[in-house]
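J.: dropping the sequence and predicted coords here.
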Amino acid sequence: MAQSSAAATQLRKELKQMQKDTDIPGISCGLVNDNNIFEWEVMLMIPDEVKYYGGGNFRAHLHFPPNYPLMPPTFTFQNPIPFHPNIYPSGELCISILHPPEEDKYGYEDASERWSPARSPEKVLLSIISLFSDPNPDSPANVEAARLLREEKEGKHKEFRKRCRACVRESLGEE
């Protein structure tokens, strides 16, 4: 319980700092429930110049485990769930920095890419924003999105872009 109490104290401090810091463009954080510091509601406002997702506003929940910061939080998009190679259809995000700090049994990720207690929620959210600028189709959570992105980069069609733009419109309440 002491670890959970220490985690709660640290999370209160980090949330307060993020809410106060006006230098973090495109990110807004609060609590899902005022009585639970371990569950944050996040709004990601993707800059207009981002190729596929520009102008989108995506809601998500950032859930911290009781043993935070030793273990990573999970990040799950709420409806609409972005059509993205690194987001499972359930809304859960797959990104290296949120993977537990252990050896990757598949040898795909270097330990330095995985979770570290030195990472803050701010760094995590900035990494997620950058994933919208540069999706990773090589480690897909959504195989269809990864395939369509690869095909678009090969010049075969614009289906990936169409699906992303529809998702952005839906995030803005336009569909």
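T.: Great, that's in hand.

J.: for the rest of this, base every contact and every neighbour count on C-alpha atoms.
T.: Will do.

J.: name the nearest residue to the residue most central in space within the chain, ignoring sequence neighbours.
T.: Centroid-nearest residue in the chain, with Cα atoms, centre = their mean: residue 128, separated by 4.1 Å. Leaving out its chain neighbours, the residue that sits closest to residue 128 by Cα to Cα, 6 or more residues apart in numbering is residue 95, at 7.9 Å.

J.: burial measure for the one you found, as a count.
T.: Here the number of neighbours of residue 95 (other Cα atoms under 10 Å) works out to 22.

J.: if we can go back for a sec, immediately after the stretch of helix or strand the residue nearest to the centre of the chain belongs to, which helix or strand?
T.: Using DSSP states H and E, residue 128 sits in helix 121-133. Per DSSP H and E, the first helix or strand lying C-terminal to helix 121-133 is helix 143-153.

J.: now do residue 63, the pLDDT please.
T.: Looking at residue 63, its pLDDT is 98.

J.: count the neighbours of it for me.
T.: Applying other Cα under 10 Å, I find that residue 63 has 19 neighbouring residues.

J.: same check, this time on residue 108
T.: 10.

J.: for residue 19, see how far away it is.
T.: Residue 108 sits 35 Å away from residue 19, going by Cα to Cα, to the nearest Å.

J.: so what's residue 38 up against?
T.: By Cα atoms under 8 Å, 6 or more residues apart in numbering, the residues touching residue 38 are 8, 11, 63, 64, 65, 66.

J.: same check on residue 141?
T.: Contacts of residue 141 (Cα under 8 Å, 6+ apart): 85, 86, 87, 88, 89, 93, 94.

J.: what ranges does the protein have for its strands?
T.: Under the criterion DSSP state E, strands of the chain are mapped to 27-31, 39-45, 57-63, 74-77.

J.: any chance of these in TSV, plus distance to residue 132?
T.: Below are the strands of the chain laid out as TSV (distance: least, Cα to Cα, whole Å):
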stretch	distance to residue 132
strand 27-31	13
strand 39-45	10
strand 57-63	11
strand 74-77	13
